[in-house]
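Fold the following.
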Amino acid sequence: MIRNKIDRILSRLLMGIMSLMVLNVLWQVFSRYILGAPSSFTDELSRYLMIWLGILGAAYVSGQNAHVAIDFLPKKLNTKKQRKLRRLVTVIVMSFAFFALVIGGFRLVYLTFILEQYSPALKLPLALVYLVMPLSGMLIMYYKISDILTK
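Numbering: from 1, shown residues only. A predicted model of the protein is given here:
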């Protein structure tokens, strides 16, 4: 199934980002305290890796339905009403993913691309850093649509 393939790719990507972030921070500590000359790019790189890890991680967790949830209200409802509430929550999550992450994210990517904004140390186009927002929004929407179709 395509969902399992996306899950595997996304989980490996997240593990890769986390590993790279750990190596980057280790290099920063080594260069600062052992070599006495802190690396100039590691702070910025770890910040951008953390952004990607957090936002892509949210998409992954959403796909696994493992996000934090307050279940006080659903426990008080019968099975039919629980199903309706789940659908409502899914629609709200999809709306947020579409409007905030996909639409807002693409606008942010477009704006930073047009303005040719680059990061100070890495000289990386900030549009690439912000590209994680619409990507994650589309992943969340895919997962939620898949949930609706399979349940």
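
from here on, contacts and neighbour counts on C-alpha atoms
OK.

Span of stretch 95-105 from start to end?
Stretch 95-105 has an end-to-end distance of 14 Å (criterion: CA to CA, to the nearest Å).

Which positions within that stretch qualify as buried?
Within stretch 95-105, the residues scored as buried using 16 or more other CA atoms under 10 Å are F96, A97, F98, A100, L101, V102, I103, G104, G105.

Also stretch 38-51?
P38, T42, L45, S46, Y48, L49, M50, I51.

Taking those together, which two end up most distant?
Using CA to CA, the pair of those lying farthest apart is P38 and I51, separated by 22.2 Å.

Relative to N24, which of the buried residues of stretch 95-105 is nearest.
Closest to N24, out of all of these and judged by CA to CA, is G105, at 26.5 Å.

Could you look up the SS state of that closest one?
Here G105 is recorded as helix under DSSP: H, G, I helix; E, B strand; the rest coil.

buried stuff in the top helix by length along the chain?
Longest helix of the chain, by residue count under DSSP state H: helix 2-33. By neighbour count with 16+ other CA under 10 Å, helix 2-33 contains the buried residues 7, 10-11, 13-14, 17-18, 21, 24-25, 27-29, 31.

helices and strands around the helix or strand of the chain with the lowest mean pLDDT, which ones?
For the chain, counting by mean pLDDT, DSSP states H and E, helix 72-76 ranks last in confidence among helices and strands (a mean of 85). The helices and strands touching helix 72-76, judged by 3 or more CA pairs under 8 Å, 6 or more residues apart in numbering; DSSP states H and E, are helix 79-96.

where's stretch 2-13 relative to the chain centroid, distance-wise?
14 Å (CA atoms, centre = their mean, to the nearest Å).
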